[in-house]
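Q: the sequence and its predicted three-dimensional model are supplied below.
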Amino acid sequence: MTIDRHWNYDDTPLADLNDSVWNFHVWNEVWLKREDLPDGHDGWQAVDGTPQEASEGVMQCGPASVRAIKEGEVYLPYDSKFIIAEVNGDIIEWVKDKAGEMIPVYRDRNSIGYFISTKAVGSSDREDVTENYKYKEGSSKENAVTTRIVKYRLIGSIHSLLGGKTTLSSRVTYLKYADAVYTHLATLGSCYFPRLFRATLC
């Protein structure tokens with residue numbers, strides 16, 4: 001999940017394409033039984049009373065399982081994908097070259113979600129809850145979460161391009177953003193001719 005900033009080849013900003021980043025944001029957690037989610041996703045859920053954008057046409061956000069957020073389960077309701085970007089997104093700088101192509105030139109992995117806090121029970125002290133929402137940056141578990149997010153976004157994007165008529169499976173074999181993502185794709189279904197895909201994962 002990325003927060004994207006765009007520049008023209010002459011270093012002028014393409015502000016209309018840019019995502020916004022707040023220097024702080026506040027949301028609530030509620031304890032819920034989630035019968036609509038897989039086992040293990042009950043408990044704390046993130047609910048945002050001041051959402052940043054519409055979800056399903058309404059200004060709302062959540063409830064999203066905190067476990068789903070930490071594990072990068074972008075496909076689980078509600079709005080887990082958006083909150084993952086809020087707490088664990090990477091800032092990507094893009095430059096539009098003279099041919100009109102957007103080229104990623106810089107990745108900042110550390111500016112988003114590095115100080116997630118709540119008020120401690122029984123005092124006014126700060127309680128750090130960052131590790132409730134994300135694994136330590138650069139750890140094997142954090143890398144596994146990144147790979148999971150890329151895999152589901154890749155499969156979803158290509159499946160959509162094929163009109164939902166082809167079954168896809170994917171195995172991410174190498175990942176080093178923003179150099180390249182290499183995958184093996186296996187297809188089954190009604191696609192009987194070769195297709196060339198060129199995709200940008202954001």
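A: Right, received. Where do you want to start?

Q: CA only for contacts and neighbour counts going forward, please
A: Will do.

Q: quick one: list the elements packing against the helix or strand hosting residue 5.
A: With secondary structure defined by DSSP states H and E, residue 5 is part of strand 2-8. On a contact count with 3 or more CA pairs under 8 Å, 6 or more residues apart in numbering; DSSP states H and E, strand 2-8 meets strand 90-96.

Q: so how far is the strand it packs on off the chain centroid?
A: Put simply, strand 90-96 sits 15 Å off its chain's centre (CA atoms, centre = their mean, to the nearest Å).

Q: which element is the closest residue to residue 142 other than its chain neighbours on?
A: Using CA to CA, 6 or more residues apart in numbering and skipping residues adjacent in sequence, the residue nearest residue 142 is residue 135, 5.2 Å away. Of the helices and strands defined by DSSP H and E, none includes residue 135.

Q: please tell me the pLDDT value assigned to residue 135.
A: Note for residue 135: predicted pLDDT of 94.

Q: so what's it up against?
A: Residue 135 makes contact with 70, 141-142, according to CA atoms under 8 Å, 6 or more residues apart in numbering.

Q: and for residue 116?
A: For residue 116, the contacting residues are 87, 128-130, by CA under 8 Å, 6+ apart.

Q: quick one: which of the contacts of residue 135 is most hemmed in?
A: Within those, neighbour counts (other CA atoms under 10 Å) peak at residue 70, which reaches 22 neighbours.

Q: tell me how far residue 121 lies from residue 127.
A: Distance, residue 121 to residue 127, by CA to CA, to the nearest Å: 9 Å.

Q: comparing these two, which residue is more hemmed in?
A: Between residue 121 and residue 127, counted using other CA under 10 Å, the more crowded position is residue 127 (13 against 9).

Q: can you pick the most crowded of the contacts of residue 116?
A: Counting neighbours by other CA under 10 Å, residue 87 comes out on top of the contacts of residue 116 with 21 neighbours.

Q: fine by me, thanks again.
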